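1. Need coordinates for the below:
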Amino acid sequence: MAASESPTEGGDGAGVLLYYKYAPVPDITSLVHFYESNCRSLALLGRVRIAPDGVNVTVGGSMPSLEKHIAAVKSMSLFEGTDFKLASCDHPSDDKIAKECGYCTGGIRCETASAYIKSKGAGFENVFQVSFIWKTF
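-> Take a look at the predicted model:
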């Protein structure tokens, strides 16, 4: 569905935008500067992957900002025919009920990470660690 066909267009809530273009990128440096400037000015957050053979983008922000971003990208010939996936998220989920399981291979990072997550309090009770068992054969 093109952005212009999106049933969520025009809302003032938050949204997420996904698109990719598999085509040779003639000037990677210019494209990097475009994304840095455009995403910063529109307060978009996410990931932009640029390679010699294409671009993959997942960004989030306000719907008006995402629509402005789409318009700016569409003005570049590189993105001709690109299918922009735009979805609103007027009521972002604040659920923290997924179970998280960390396993340790003998390093300190898993101990630090699980302690940090557990320290967040209510809503982060489902954090578990699997004990590492050193076994020689």
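
2. Next, the buried residues of the host helix or strand of E36.
-> Secondary structure assignment for E36, by DSSP states H and E: helix 28-41. For helix 28-41, the neighbour count (16 or more other CB atoms under 10 Å) marks L31, F34, Y35, N38, C39 as buried. Placement of C-beta: from N, CA and C, glycine included.

3. ok, which pair from the residues you listed is furthest apart?
-> Pairwise distances across the buried residues of helix 28-41 (CB to CB) peak at 12.0 Å, for the pair L31 and C39.

4. can I see the domain layout of the protein?
-> 3-88, 100-130 (automatic domain parsing).

5. Deepest in the core, which of those domains is it.
-> Highest mean neighbour count of the domains of the chain: domain 3-88, a mean of 15 (counted as mean count of other CB atoms under 10 Å).

6. Check the gap between the residue lying closest to N38 once chain neighbours are set aside and G123 for me.
-> Distances taken as CB to CB, 6 or more residues apart in numbering place A72 nearest to N38, at 5.6 Å, with adjacent residues excluded. The spacing between A72 and G123, counted by CB to CB, to the nearest Å, is 38 Å.

7. Right, I'll leave it there.
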